[in-house]
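**Q** sequence first, then the predicted structure:
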Amino acid sequence: MSEVRKRWYEKIPHPVSMLFGIIAFATILSYVLPAGLFERELVDGRMRVMSGTFAYTEQQPVSFLDMFVALAKGFKTASDIIWVVFASGIMFGILQKSRMVENAVGTLVKTLGLERKYMIVAVMTFVFGMLGVAVGYENNIAMVPIGAMLSIALGGDLILAAGMCVAAITVGFGLSPINPYTVGTGHQIAELPMFSGAPFRSVLCFCGLALLASFNVRYFKKIEKDPSSGLGVGLDEEGFTLSKKIEDYTMSGNNWLVALIFMIGMVVMLYGIFVHHWYLQEIAAIFVMIAIAAGIAARMSPREISEDVLNSISVVAPGAFMVGFATTIKVILEMGQISDTIAFNLSEMLTSLPLYGAAIVMSIAQCVMNLMIPSGSGQALATLPVMVPVGDLVGLTRQTTILAFQIGDGVTNLINPTLGGLIAMLSLCRVPFDRWLRFIAPLMLSILVVSWVFLMVAVLIGYS
């Protein structure tokens, strides 16, 4: 009897094995690729690459020992994101223990009606997407468990939950017309009016979210017809499932008090982000403050709060580990001084291409760079001072160059194993990265194709 051939997604290795393979590959590249550096200058408190300053340097191969030493450095570099994962896990654990989240989700579904479940999935995809557009990325980590509970309440699974919230936040943030980290930084570097060209980008963002909403609803219908076909089979749903029938749910006075504490905390966090430029450390601090206040309001004893803190940490610890593990890749590339070498050679490749080909390849080049520099603003500061002059040279408008950068950075965030925020949100949804790839890869390719069509239109109309 002939052996049954495995499908592509059945060959995806375990996430830990996958990341370790990339770490080993990056180490090998430090021996193969020549080391090189751009000169950098301090602009508005951040180091930016200076175009035309690339020079090859002495080889900096990463030794076998240093490859493992880089693990500790990776965790140190990612410490802020790791702590946000723990803090958000603690906050959700306390909120869940108070039964506020379960009662709120149950009451919402009861009010809207299960007969409208497909509409709810589509609408919530756009709601989470708009959070990505307007609020940011890691700032929305705390919302993920709520999306997970909502998906289970509707009859979906944790994969649908990740599609509805994690993917939506990622697409909304990645294609946001007002993304301060990618578009904002890019416009500063390209000397364009801040967030100019927003209507064109807004249409692209809407199309990406519409594709995702349709994809989520189609998956939902598939698993309703055959639950065994779902990618969420066997995933741990403990703490996300409803304990009563939908018609039995209501919000108590204490539930409303805890919900008010959560909402006040979120408003304070957003105020701090937009007015005082708070980031991960301040966000995590707010999460912990909400957890303590919610625990007291729910009349939990100090022992109950303490035990729930440790239980919550045990749930999110694997995801926190993956964040630090993935960051090791960036550390090794920096140790070997090959990130700039790759960026320089990719930019050199563009000068020999025709106009439309240069736009697409520029976007693909940013996809590659995104794996090495997962930070949107960091990638902009490292690549756009090189790409903008190259775009000028081949005849691309600067607005088109920024759009190509945004597409390459934003869309591939859906599958970027080095992106700490993505790994953190997936861990809160309890979705392993290999299953996530099986689910999201077809959608990512579809959004990339649509985005490239928009990029071709931008070249055609001289988008400026």
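**A** All right, it came through fine. Numbering: from 1, shown residues only.
**Q** can you pull out the helices in the stretch 51-200 of the chain?
**A** Listed in chain order, the helices of the stretch 51-200 of the chain (DSSP state H, counting those that start in this stretch) span 64-77, 79-97, 100-112, 117-134, 144-154, 158-161, 168-174, 185-190, 198-225.
**Q** quick one, which of the ones you listed is packed in tightest?
**A** Across the helices of the stretch 51-200 of the chain, averaging neighbours per residue (mean count of other C-beta atoms under 10 Å) puts helix 168-174 on top, at a mean of 29. Bear in mind the C-beta positions are built from the backbone N, C-alpha and C, glycine included.
**Q** which positions within whichever helix in the chain runs longest qualify as buried?
**A** Once the chain is assigned using DSSP state H, the helix that runs over the most residues is helix 302-335. Buried residues in helix 302-335, defined by neighbour count with 16 or more other C-beta atoms under 10 Å: 305, 308-309, 312-313, 315-316, 319-335.
**Q** from the chain's centre, how far out does that helix sit?
**A** The chain centre lies 16 Å from the centre of helix 302-335; the measure is C-alpha atoms, centre = their mean, to the nearest Å.
**Q** same question for stretch 362-369.
**A** On the basis of C-alpha atoms, centre = their mean, stretch 362-369 sits 17 Å off its chain's mean C-alpha point.
**Q** over to stretch 120-139?
**A** Taking C-alpha atoms, centre = their mean, one finds stretch 120-139 lying 12 Å from the centre of the chain it belongs to.
**Q** for the longest helix of the chain, name the packing helices and strands.
**A** helix 15-32, helix 64-77, helix 79-97, helix 280-297, helix 355-372, helix 420-428 (3 or more C-beta pairs under 8 Å, 6 or more residues apart in numbering; DSSP states H and E).
**Q** could you dump those to CSV with distance to Thr383 and mean pLDDT?
**A** Formatted as CSV, these follow (distance: least, C-beta to C-beta, whole Å; pLDDT from 0 to 100):
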stretch, distance to Thr383, mean pLDDT
helix 15-32, 18, 91
helix 64-77, 20, 94
helix 79-97, 22, 90
helix 280-297, 23, 93
helix 355-372, 6, 92
helix 420-428, 19, 89
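**Q** quick one: closest of those helices to Leu460.
**A** Among the helices and strands packed on helix 302-335, helix 355-372 comes nearest to Leu460, with 8.5 Å by C-beta to C-beta.
**Q** can you give the contact residues for the closest one?
**A** Contact with helix 355-372 is made by 329-330, 333, 339, 342-343, 346-347, 349-350, 353, 379, 382-383, 387, 390-391, 394-396, 400-401, 404-405, 407-409, 411-413, 416-418, 451-452, 455-456, 458-459, as judged by C-beta atoms under 8 Å, 6 or more residues apart in numbering.
**Q** so for it, what gets flagged as buried?
**A** 358-367, 369-372.
**Q** same thing with stretch 226-237?
**A** 230-232, 235, 237.
**Q** farthest pair in those?
**A** Leu231 and Glu237 (13.4 Å).
**Q** name the residues contacting each of these two.
**A** Asp157.
**Q** where in this structure is pLDDT low?
**A** Along the chain, segments meeting pLDDT under 70 span 1-12.
**Q** so Leu235: helix, strand or coil?
**A** State at Leu235, reduced to three classes by DSSP: H, G, I helix; E, B strand; the rest coil: coil.
**Q** any idea how far the residue nearest to it when sequence neighbours are not counted is from Met143?
**A** Nearest non-adjacent residue to Leu235, counting by C-beta to C-beta, 6 or more residues apart in numbering: Leu158, 4.8 Å away. To Met143, Leu158 is 15 Å away according to C-beta to C-beta, to the nearest Å.
**Q** do the same with Ile415
**A** Distance, Ile415 to Met143, by C-beta to C-beta: 21 Å.
**Q** which residues touch Ala161?
**A** 144, 147-148, 150-152, 240, 429, 431.
**Q** and the residues you listed, which is closest to Val62?
**A** Of all those, Val431 has the smallest distance to Val62: 31.4 Å, by C-beta to C-beta.
**Q** pretty sure the closest one contacts Met164?
**A** No - look at Val431 against Met164 with C-beta atoms under 8 Å: they stay out of range, at 11.7 Å.
**Q** quick one: which of those two has more around it?
**A** It is Met164, of Val431 and Met164, that has more neighbours when counted by other C-beta atoms under 10 Å, with 34 against 26.
**Q** quick one: the residue nearest to Leu235 and Pro432 touch, right?
**A** No - contact criterion C-beta under 8 Å: Leu158 and Pro432 do not qualify, at 10.0 Å.
**Q** okay, and the common contacts of the two?
**A** Taking C-beta under 8 Å, 6+ apart as the contact definition, Leu158 and Pro432 share the neighbouring residues Leu235.
**Q** circling back: filter the contacts of helix 355-372 to the buried ones?
**A** Buried, going by 16+ other C-beta under 10 Å: 329-330, 333, 339, 342-343, 346-347, 350, 379, 382-383, 387, 390-391, 394, 396, 400-401, 404-405, 407-409, 411-413, 416-418, 451-452, 455, 458-459, out of the contacts of helix 355-372.
**Q** give me every residue that touches the residue nearest to Leu235.
**A** Applying C-beta under 8 Å, 6+ apart, one finds that Leu158 lies in contact with 148, 151-152, 232, 235, 237, 240, 429-431.
**Q** would you turn those residues into TSV with distance to Tyr463?
**A** Compiled in TSV, the contacts of Leu158 are given as follows (distance: C-beta to C-beta, whole Å):
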residue	distance to Tyr463
Ala148	38
Ser151	37
Ile152	43
Gly232	40
Leu235	43
Glu237	45
Phe240	43
Cys429	36
Arg430	41
Val431	36
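**Q** so which of the buried residues of stretch 226-237 is the closest to Lys110?
**A** Glu237 (19.9 Å).
**Q** the residue nearest to the closest one when sequence neighbours are not counted: what's it in contact with?
**A** In space, and not counting its chain neighbours, Glu237 is closest to Ile152: 5.9 Å by C-beta to C-beta, 6+ apart. By C-beta under 8 Å, 6+ apart, the contact set of Ile152 is 158, 161, 237, 240-242.
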